[in-house]
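*Asks:* sharing a sequence plus its predicted fold:
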Amino acid sequence: MFTARLRTLPEFLQHMTSNVQVYEKIKIIEDALAVKHTDRKEFTVKGFSYPAQEGVDFQVDFLYSAMGKINWRERVICPVTSLNSRIRACIHFLEFELDIRSDSKVYIAEQLTPLYYYLHSRYTQITGSEYLGADIAPGIINDKGIRHENATNLSFADNELDYYLSFECFEHIPDFLQAFMESYRVLKKGGMLFWTIPFSEMNYENVIRATVSDYGLINHLLEPEYHGDPVNPDGGILCFTNFGWQLLDQLRTIGFRDVYAITFWSDSLGYYGKQFLFCARK
């Protein structure tokens, strides 16, 4: 697997320059697959699914694609686990990068997803939640067994958690800095925050797409962008921020002592596209 750990935009640009031939080869491989399937019908590619621990025919389609390009991050699906490329990679790096023990105290900001069910079967001290509404007290569990947490006001005590996992959540929080400060508060010293977000790797500045007024009114600064909602599959969640490398500096200002991005690619594991995972240690 081709991978790198990067902490700044200049470091990333140097990485790209130093590995230009690798990225040219990656582009050739991915373009060849796309060209081969210009009819935009679903197809398969062979590989090894890390969560399933077996060879599979990954299912690939053109859903959520733009300009004829395959959404490699979201649409390379393992037929055994139903997990896409991004989530399978999260599991892979979570186990090797974080080295979570079976008894580690873990919080994941989701509860109604295949990823939560997978991790719940492996870690006895994991807590999952969903966001159920502004008027519900953090930590409340409803009659369906779903726990509510608000990322900007968590119910956990100071220094309570070993790991905080959040995948495709922070971009939906208007006050994302408060959410990251809360993650710092609830983590133990040495604890790890591990997350994914939509990331513009060539940009330093975060792009604010929308804001919320003191009266709860949404002000759209850019064309509204919505992502899937596990609580309401027929609806969508507004994206407030597209993040750049500025976010890593903001987390350092909050107090995290090591903040870095992991970029990776592997055709044998079905990790296509330019993807990033993020880690921050308290």
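*Replies:* Yep, it's here.

*Asks:* need the strands for the stretch 1-150 of the chain, in chain order.
*Replies:* 2-6, 43-49, 54-60, 76-77, 106-108, 126-128 (DSSP state E, counting those that start in this stretch).

*Asks:* out of those strands, flag the one nearest residue 116.
*Replies:* Distance to residue 116, taken as Cβ to Cβ, is lowest for strand 126-128 among those, at 4.6 Å. Just so you know, the C-beta spots here come from the backbone N, C-alpha and C atoms, and that holds for glycine as well.

*Asks:* which helices and strands sit right next to that closest one?
*Replies:* With contacts defined as 3 or more Cβ pairs under 8 Å, 6 or more residues apart in numbering; DSSP states H and E, strand 126-128 has these neighbours: strand 106-108, helix 114-120.

*Asks:* deepest-packed of the ones you listed, please.
*Replies:* Comparing the helices and strands packed on strand 126-128 by mean neighbour count (mean count of other Cβ atoms under 10 Å), strand 106-108 ranks first with a mean of 24.

*Asks:* give me the pLDDT for residue 22.
*Replies:* Model confidence at residue 22, expressed as pLDDT, equals 96.

*Asks:* neighbours around it, how many?
*Replies:* Using other Cβ atoms under 10 Å, residue 22 has 13 neighbouring residues.

*Asks:* please apply the same query to residue 244.
*Replies:* Neighbour count of residue 244, defined by other Cβ under 10 Å: 18.

*Asks:* wait, it sits on residue 197?
*Replies:* No. Using Cβ atoms under 8 Å, residue 244 is not in contact with residue 197; the gap is 10.3 Å.

*Asks:* show me where pLDDT drops low in the stretch 51-200 of the chain?
*Replies:* For the stretch 51-200 of the chain, residues meeting the criterion pLDDT under 70 lie at 67-68.

*Asks:* does residue 274 touch residue 261 like I think?
*Replies:* No. Using Cβ under 8 Å, residue 274 makes no contact with residue 261, being 11.2 Å away.

*Asks:* more neighbours, those two?
*Replies:* Neighbours were counted for residue 274 and for residue 261 using other Cβ under 10 Å; residue 261 has more, 20 against 16.

*Asks:* need phi/psi at that one.
*Replies:* phi -100, psi 150 (degrees, to the nearest 10).

*Asks:* if the nearest residue to residue 123 once chain neighbours are set aside is in a bridge, with which residues?
*Replies:* Nearest residue to residue 123, sequence neighbours excluded (Cβ to Cβ, 6 or more residues apart in numbering): residue 106, at 5.4 Å. Assessed by DSSP bridges, residue 106 has beta-bridge partners residue 126, residue 163.

*Asks:* what sits against residue 106?
*Replies:* 100, 119, 123, 125-127, 161-165 (Cβ atoms under 8 Å, 6 or more residues apart in numbering).

*Asks:* how close does it get to residue 122?
*Replies:* 10 Å (Cβ to Cβ, to the nearest Å).

*Asks:* same question, residue 7
*Replies:* The gap separating residue 7 from residue 122 is 29 Å, by Cβ to Cβ.

*Asks:* I'd say residue 266 and residue 1 touch.
*Replies:* Yes. Using Cβ under 8 Å, residue 266 makes contact with residue 1 at a distance of 4.1 Å.

*Asks:* the more surrounded of these two?
*Replies:* Remark: of residue 266 and residue 1, residue 266 carries more neighbours, 17 against 12, as counted by other Cβ under 10 Å.

*Asks:* before we move on, which element is residue 278 in?
*Replies:* strand 271-281 (DSSP states H and E).

*Asks:* what is that strand packed up against?
*Replies:* Applying 3+ Cβ pairs under 8 Å, 6+ apart, one finds that strand 271-281 contacts helix 85-93, strand 187-196, strand 258-266.

*Asks:* which residues are in contact with it?
*Replies:* For strand 271-281, the external contacting residues (Cβ under 8 Å, 6+ apart) are 1, 30, 70-73, 76, 85-86, 88-90, 93, 97-98, 190-197, 199, 201, 248, 251, 256-265.
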